[in-house]
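Return atomic coordinates for the entry below.
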Amino acid sequence: MSPHILIIMIFSLSMGTLITITSSHWLLAWMGLEINTFAILPLMTQKYYPRAMEATIKYFIIQTTAATMLLFASISNAWLTGQWDIQQMSHPLTLTMITIALALKLGLAPMHSWFPEVIQGLNIPTGLILSTWQKLAPFSLMLQLPTNNSTLLTIFGLLSILMGGWGGLNQTQLRKILGYSSVAHLGWMMLILQYIPSLAFMAFMTYVILTFSMFLTFWYNQSTTINALSTSWTKTPILTALTPLTLLSLGGLPPLTGFLPKWMILSELTKQELMTTATMAALLALLSLYFYLRLSYAMTLTTSPNNLPGTLPWRINFLQPTMPLAISTVISLCLLPLSPTALALFSH
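The predicted model follows:
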């Protein structure tokens, strides 16, 4: 792709998201979502092969369906109540329709099945954009919606944690595993969204940092399957030693950063006297932890047969910049001591 076209697409991608985040009118928000969708399509088709084209077409159809449903619901709300303001979405039918449309855009269960399939057909950098930046605009709209549909959000949250863990159990492709991981993490955010939106946003930012670290790790290793991970120790031995810790942080184990949002979410759910919901979420998270441990095992506790030339790549100079991965890995592992500050910040 030409550098000029690439700059235009990235600028449009950023501008579409910023328009949606900063707007309080449904038409402006819809326009930002459309700009955002159309800007990423050329990035998805950089490599012109059938799997990428299939993923692009699937993504386009799903996003267009969700955007059309959102536009229809917002027009219906304006017709019924005379309000275009995002925070004045008062009619229960239109509020439910918009929640479903945003869930479809985010990839929440039970509208999640498109996301792992699409991410599997893309290269790793584009998959990273799809898993992090593309979720920011619909998530910001979800944050602004009134909290009248708490039952629906709780059902979406628990279903997403279940399907995100269950769907990833039998996968061998790393991008699909990260796709199901994304579905599960979004479920945790939906559970707490109606009670403390700022805590949901903190969970989203933690997820972005952890996912950024994992995608960069697999990109630097040039690994797309679990089997390829078993040979990564010959290419990047230090990274191979640190990656299982990042995976365990994604699983939410102490004393790593990923434990912080899950701990705070479970604490808040119990304060809201939702002990059953909190217990179910904690138990369903064990499904996701299983495939994170599976990746850790494949990466560090298995040794593939290698001859002498196969063990030499680590001596070759690494040409890609490693500073973003180094910063994100440190943040992924070491932020838990800041939890008292975070608790004080989000307890008000």
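
for the helix or strand encompassing Thr277, packing partners?
Thr277 belongs to helix 275-300 when assigned by DSSP states H and E. Here helix 275-300 touches helix 150-168, helix 174-193, helix 226-229, helix 237-251, helix 259-271, going by 3 or more C-beta pairs under 8 Å, 6 or more residues apart in numbering; DSSP states H and E. Placement of C-beta: from N, CA and C, glycine included.

Could I get those in JSON lines, plus columns for distance to Asn123?
Below are the helices and strands packed on helix 275-300 laid out as JSON lines (distance: least, C-beta to C-beta, whole Å):
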{"stretch": "helix 150-168", "distance to Asn123": "20"}
{"stretch": "helix 174-193", "distance to Asn123": "9"}
{"stretch": "helix 226-229", "distance to Asn123": "15"}
{"stretch": "helix 237-251", "distance to Asn123": "19"}
{"stretch": "helix 259-271", "distance to Asn123": "29"}
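
Can you pull out the low-pLDDT segments for the stretch 201-348 of the chain?
304-319, 346-348 (pLDDT under 70).

Can you lay out the helices and strands packed on helix 275-300 as JSON lines showing distance to Asn36 and mean neighbour count?
Listed next are these as JSON lines, based on distance: least, C-beta to C-beta, whole Å; neighbours: other C-beta atoms under 10 Å:
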{"stretch": "helix 150-168", "distance to Asn36": "22", "mean neighbour count": "21"}
{"stretch": "helix 174-193", "distance to Asn36": "17", "mean neighbour count": "26"}
{"stretch": "helix 226-229", "distance to Asn36": "32", "mean neighbour count": "18"}
{"stretch": "helix 237-251", "distance to Asn36": "26", "mean neighbour count": "20"}
{"stretch": "helix 259-271", "distance to Asn36": "25", "mean neighbour count": "19"}
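
now the longest helix seen in the chain, how far from the chain's geometric center?
Criterion DSSP state H: the longest helix present in the chain is helix 50-81. In terms of C-alpha atoms, centre = their mean, to the nearest Å, the centre of helix 50-81 is found 19 Å from the chain centre.

ok, and what's touching stretch 37-46?
By C-beta atoms under 8 Å, 6 or more residues apart in numbering, the surrounding residues in contact with stretch 37-46 are 1, 5-6, 9-10, 12-13, 16, 52-53, 55-56, 59-60, 63-64, 67, 122-123, 126, 129-130, 134.

Could you pull out the buried residues of that stretch?
Thr37, Phe38, Ala39, Ile40, Leu43, Met44, Thr45 (16 or more other C-beta atoms under 10 Å).
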